[in-house]
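A.B. asks: here is my input, please return the structure:
(one chain, ligands or ions: 1)
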Amino acid sequence: MYVPEHVFTNADMMKYMDTNDEWIQERTGIKERRFADRTNETTATMGVEAAKQAIERAGITVDDVDFIIFATLSPDYYFPGCGVLVQRALQMKEIGALDVRNQCSGFIYALSVGDQFIRSGMYKNILVIGSEKHSFGIDFNTRSRNVTVIFGDGAGAVVLQPTEDPDRGILSTHLHSDGNDAEILAMFNPGSHANHWKDGLADYDNADIGEMFVSHTMIDKNQNVPFMDGPTVFKKAVIKFPEVIMEALDTNGYKPSDLTMLIPHQANLRISQFVQQKLKLRDDQVYNNIQKYGNTTAASVPLALCEAWQEGKIKTGNLVCLAAFGSGFTWASALLKW
Ligand SMILES: CC(C)(COP(=O)(O)OP(=O)(O)OC[C@H]1O[C@@H](n2cnc3c(N)ncnc32)[C@H](O)[C@@H]1OP(=O)(O)O)[C@@H](O)C(=O)NCCC(=O)NCCS
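C.D. replies: So this is what the prediction gives:
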């Protein structure tokens, strides 16, 4: 994992907008988050730092990596994706690099894709990265406070390898989507939509669309920052999280009580607590670090997984469930024997 050094507290947030520590902690659990250096750190460079650690811990070298999968919603460039920037930065061989755009579920989607390549025998060492630099794309004015206080920067990575041991590895992955709510949590611009999907989008007059991916008016009207209908996201998340976790457990013949650790996407502490309650899990069965890092979207699951492992809370043979829900809506789970 890699997180930037710069800690940005709720008190720091109050210097920019009308908000307060009590509201943020009560509604989200977040005390502080990390913000990347504006010019020296990017989504790709943070991903590279996490990747170096994963490669070292896997006991391999960059030359052993066969394939890169990079999940993010805050890429360095509109295109190309961050995968090729990692390939370049680590001076890797001319291996494939795939970019995944599934927001909060991005890491689990990426893991699932990697799992299929490992199972088919096509690749032996796959680098899977989730990384975000939200601080560069959020609005620090009061009008966006419901979104801005939630997000933080950071990266996490894993190396996937085959195993002969039937008692270890990814037991199954489960991926879902429902595009009916695509505009509930989204960043519309820059984009090619030209106001085609009218629902949920701001009203553009004709002069603003059809010429470029982003116009001056869109920027003036604050239409190039993330939009979120928080209560709708919350209501759907607390249904889909338990559903997709149970799907993973049922598929493999396990019960919630069998879980050593649930690593939920760190969307909001209240969502994690709701899921914990619904599945009747003990405190020591659910890992939360949103308090320190905020919601780091595609990075949140590997960041939490890494910290849980570093703290000795996940050991060989333990049953671990990863689960995520977010923009799209998309949601996913993975059940692992560590
Ligand atoms: C975003 C979220 C914390 C907002 O909490 P909420 O209880 O739903 O709050 P609402 O959006 O209904 O707003 C309630 C009030 O708080 C205010 N408010 C919003 N953000 C605020 C902030 N940062 N500081 C202070 N007040 C804030 C609103 O303006 C509103 O005030 P009003 O009642 O005077 O109009 C909550 O909806 C949530 O967590 N949703 C899920 C979001 C999520 O997990 N996103 C990531 C998905 S992966």
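
A.B. asks: what residue in the chain comes nearest to the ligand?
C.D. replies: For the chain, the residue closest to the ligand is Gly230, as judged by CB to the nearest ligand atom, at 2.6 Å. For every residue, glycine as well, the C-beta is placed using N, CA and C.

A.B. asks: let's verify the residue lying closest to that residue once chain neighbours are set aside: helix, strand, or coil?
C.D. replies: Nearest residue to Gly230, sequence neighbours excluded (CB to CB, 6 or more residues apart in numbering): Asn146, at 5.3 Å. Classification of Asn146 using DSSP: H, G, I helix; E, B strand; the rest coil returns helix.

A.B. asks: which regions of the chain lie under the pLDDT threshold?
C.D. replies: 198-211 (pLDDT under 70).

A.B. asks: list the contacts of the residue nearest in space to the middle of it.
C.D. replies: Taking CA atoms, centre = their mean, the centroid of the chain lies closest to Ala298, which sits 1.7 Å from it. For Ala298, the contacting residues are 71-73, 100, 102-104, 106-107, 110, 130-132, by CB atoms under 8 Å, 6 or more residues apart in numbering.

A.B. asks: among those, which are in strands?
C.D. replies: Ala71, Val100, Gly130, Ser131, Glu132 (DSSP state E).

A.B. asks: give me the buried subset of these.
C.D. replies: Using 16 or more other CB atoms under 10 Å as the burial test, the ones in strands among the contacts of Ala298 include Ala71, Val100, Gly130, Ser131, Glu132 as buried.

A.B. asks: correct me if wrong: the second one contacts Gly106.
C.D. replies: Yes. Because the distance of 5.1 Å satisfies CB atoms under 8 Å, Val100 is recorded as touching Gly106.

A.B. asks: name the residues that touch the lengthiest helix in the chain?
C.D. replies: Secondary structure assigned by DSSP state H gives helix 230-251 as the longest helix of the chain. For helix 230-251, the surrounding residues in contact (CB under 8 Å, 6+ apart) are 146-147, 171-174, 176, 181, 184-185, 255-256, 258-259, 262, 264, 267-268, 270-271, 274-275, 278-279, 321, 323, 325-326, 329, 331-335.

A.B. asks: which residues does the residue nearest to Thr163 when sequence neighbours are not counted contact?
C.D. replies: Distance criterion CB to CB, 6+ apart; nearest residue to Thr163, sequence neighbours excluded, is Gly169 at 5.1 Å. Gly169 makes contacts with Thr163, Leu336, Lys337, as judged by CB under 8 Å, 6+ apart.

A.B. asks: could you check how far the first one is from Val233?
C.D. replies: Thr163 sits 37 Å away from Val233 when distances are taken as CB to CB, to the nearest Å.

A.B. asks: so these two - more neighbours on which side?
C.D. replies: Val233 (21 against 11; other CB atoms under 10 Å).

A.B. asks: ok, Asn189 - contacts?
C.D. replies: Phe213, Val214, Met218, Gln223, Asn224.

A.B. asks: can you name the residues of this structure that neighbour the ligand?
C.D. replies: Neighbours of the ligand within the chain, by CB under 6 Å from any ligand atom: 19, 23-24, 27-28, 104, 145-146, 149-150, 185, 230-231, 233-234, 267-268, 271, 295, 326.

A.B. asks: among those residues, name the buried ones.
C.D. replies: 19, 24, 27-28, 104, 145-146, 149-150, 185, 233, 267-268, 271, 295, 326.

A.B. asks: so which of these comes closest to Ala58?
C.D. replies: Cys104 (25.3 Å; CB to CB).

A.B. asks: not counting residues beside it along the chain, what's closest to that closest one?
C.D. replies: Cys104 sits nearest to Gly326 (CB to CB, 6+ apart), 2.4 Å away.

A.B. asks: give me the beta-bridge partners of the one you found?
C.D. replies: Following DSSP bridges, Gly326 is listed with bridge partners Thr330.

A.B. asks: which other helices and strands contact the strand or helix carrying Leu322?
C.D. replies: Using DSSP states H and E, Leu322 maps to strand 319-326. For strand 319-326, the packing partners by 3 or more CB pairs under 8 Å, 6 or more residues apart in numbering; DSSP states H and E come out as helix 106-120, helix 230-251, strand 261-264, helix 300-310, strand 330-337.

A.B. asks: redo these as TSV? Include distance to Phe8.
C.D. replies: Conversion of the helices and strands packed on strand 319-326 to TSV gives the following (distance: least, CB to CB, whole Å):
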stretch	distance to Phe8
helix 106-120	23
helix 230-251	20
strand 261-264	23
helix 300-310	16
strand 330-337	28
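
A.B. asks: how far away from the center of its chain is the strand holding Leu322?
C.D. replies: When distances are taken as CA atoms, centre = their mean, to the nearest Å, strand 319-326 is centred 11 Å away from the chain's centroid.

A.B. asks: got the contact list for Thr330?
C.D. replies: With CB under 8 Å, 6+ apart, Thr330 has these contacts: Asn102, Gln103, Cys104, Ser105, Tyr109, Leu175, His176, Ser177.

A.B. asks: touching, the fourth one and Ala324? I think so.
C.D. replies: Yes. Under the criterion of CB under 8 Å, Ser105 is in contact with Ala324, at a separation of 4.3 Å.

A.B. asks: who touches both of these two?
C.D. replies: Applying CB under 8 Å, 6+ apart, one finds that Ser105 and Ala324 are jointly contacted by His265, Trp331, Ala332.
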